[in-house]
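1. Predicted structure and sequence below. I'll ask about it afterward.
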Amino acid sequence: MSSVSQRVALNDGHFIPVLGFGTTVPHKLWSTFHRPELVRSCLEMSLKKAQLDYVDLYIIHFPMPLQPGDDFFPKDEHGNLLVDPVDLCDTWEAMEKCKDAGLAKSIGVSNFNRRQLEMILNKPGLKYKPVCNQVECHVYLNQSKLLDYCKSKDIALIAYCTLGSSRDAIWVDQKSPVLLDDPVLCAMAKKYKQTPALVALRYLLQRGIVVLARSFNEKRIKENMQVFEFQLTSEDMKVLDGLNRNLRYNPGDFFNGHPNHPFTDEY
């Protein structure tokens with residue numbers, strides 16, 4: 001299967017590659033900019049810095065607003081996060097205005113659970129649905145229920161951490177299993193004469209998930225393109241389904257205690 005024109009239609013009429021290498025221009029709204037009056041100015045600052053007129057995709061990074069300021073994770077003297085009581089629906093309305101102004105082709109969300117997506121979808125006067133929900137997703141966290149829900153609402157599920165993680169000790173528990181060393185995954189890679197990484201990516205693609213596989217390594221980028229050259233059988237897809245552990249490499253611990261933490265719900 002050729003990689004050419006492998007795209008997914010978004011619910012606003014735009015398209016996104018099914019395999020992303022960072023060639024589109026996205027921007028994420030950080031939690032300290034959730035107040036409606038900050039949403040556009042945050043994007044405009046980024047556009048000016050990047051010397052762009054618009055972004056392809058503007059995303060709410062996390063559904064957890066924090067008090068505005070210079071700190072990414074503002075805390076009080078006791079070390080508690082300084083939560084900002086901003087309604088996500090108000091933030092979303094400001095996102096819609098950015099799209100209307102031509103500053104973003106599409107608007108979406110990231111790390112939202114079903115309940116938080118429903119808040120947006122049920123917003124009175126909703127003008128645009130989120131085109132996507134970008135979440136951690138891989139064979140150890142297959143997000144099957146969230147995927148089914150997003151499909152039912154015509155929202156693309158975009159997967160990050162598709163190969164596990166970079167194993168950065170700042171973010172990831174070093175005792176967590178290395179996904180690409182999984183014996184079942186490795187055995188399947190041998191069967192298909194592919195790498196474990198390609199099998200892991202192919203598993204996501206065949207489930208209708210948009211895959212982020214960013215790399216600065218030219219050899220690895222070319223290797224990842226081979227994901228379109230083979231297909232997993234339905235039986236092997238079921239085997240990979242069985243690897244799910246609901247394991248998050250990025251559990252969002254920096255937001256612990258936030259009332260809007262998305263990972264406390266089932267999905």
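-> It's in.
2. Helix, strand, or coil at K219?
-> helix (DSSP: H, G, I helix; E, B strand; the rest coil).
3. Quick one: residues contacting Y267.
-> Counting by CB atoms under 8 Å, 6 or more residues apart in numbering, Y267 touches 113-114, 143, 145-146, 149. Backbone N, C-alpha and C define where each C-beta goes, glycine included.
4. In helices only, show me those.
-> If you go by DSSP state H, the contacts of Y267 have 114, 145-146, 149 in helices.
5. between the contacts of Y267, which is nearest H261?
-> N113 (9.2 Å; CB to CB).
6. I'd say the closest one and G252 touch.
-> No: between N113 and G252 there is no contact under CB atoms under 8 Å: 11.3 Å.
7. hmm, back to that, out of the contacts of Y267, which end up buried?
-> 113-114, 143, 146, 149 (16 or more other CB atoms under 10 Å).
8. nearest to T162, of those?
-> Q143 (11.3 Å).
9. Against V184, how distant is that closest one?
-> Taking CB to CB, to the nearest Å as the measure, Q143 falls 19 Å from V184.
10. Okay, now the unreliable bits of the stretch 101-250 of the chain?
-> Within the stretch 101-250 of the chain, the segments meeting pLDDT under 70 span 166-171, 214-217.
11. quick one, strands of the stretch 101-250 of the chain?
-> 104-110, 132-136, 156-160, 210-212 (DSSP state E, counting those that start in this stretch).
12. quick one, which of those is nearest to S31?
-> The nearest among these, by CB to CB, is strand 104-110 at 11.1 Å.
13. Partner strands of that closest one, with direction?
-> Neighbouring strands of strand 104-110 in its sheet, by DSSP bridges, are strand 55-60 (parallel), strand 132-136 (parallel).
14. Next SSE downstream of the first one?
-> Once strand 55-60 ends, the next helix or strand along the chain (criterion: DSSP states H and E) is helix 88-100.
15. for the chain, longest helix please?
-> Every helix in the chain considered (DSSP H), the longest is helix 36-50.
16. With just CA atoms, put that helix into CSV.
-> Only the C-alpha atoms of helix 36-50 are listed here, as CSV (Å, rounded to 0.1, in the frame of the first residue of the first chain):
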residue,chain,number,x,y,z
PRO,A,36,-10.9,33.1,27.0
GLU,A,37,-9.1,36.5,26.7
LEU,A,38,-5.7,34.6,26.5
VAL,A,39,-6.6,32.0,23.9
ARG,A,40,-6.1,34.1,20.9
SER,A,41,-3.1,36.1,22.2
CYS,A,42,-1.3,32.8,23.0
LEU,A,43,-1.7,31.7,19.4
GLU,A,44,-0.8,35.0,18.0
MET,A,45,2.5,35.0,20.0
SER,A,46,3.3,31.6,18.6
LEU,A,47,2.5,32.6,15.1
LYS,A,48,4.7,35.7,15.3
LYS,A,49,7.6,33.7,16.7
ALA,A,50,7.3,31.1,13.9
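17. and the angle for it with helix 88-100?
-> Here helix 36-50 runs at an angle of 40 degrees relative to helix 88-100 (axes from the mean of the first three to the mean of the last three CA atoms, to 10 degrees).
18. Helix 36-50 packs against which elements?
-> strand 26-29, strand 55-60, helix 88-100 (3 or more CB pairs under 8 Å, 6 or more residues apart in numbering; DSSP states H and E).
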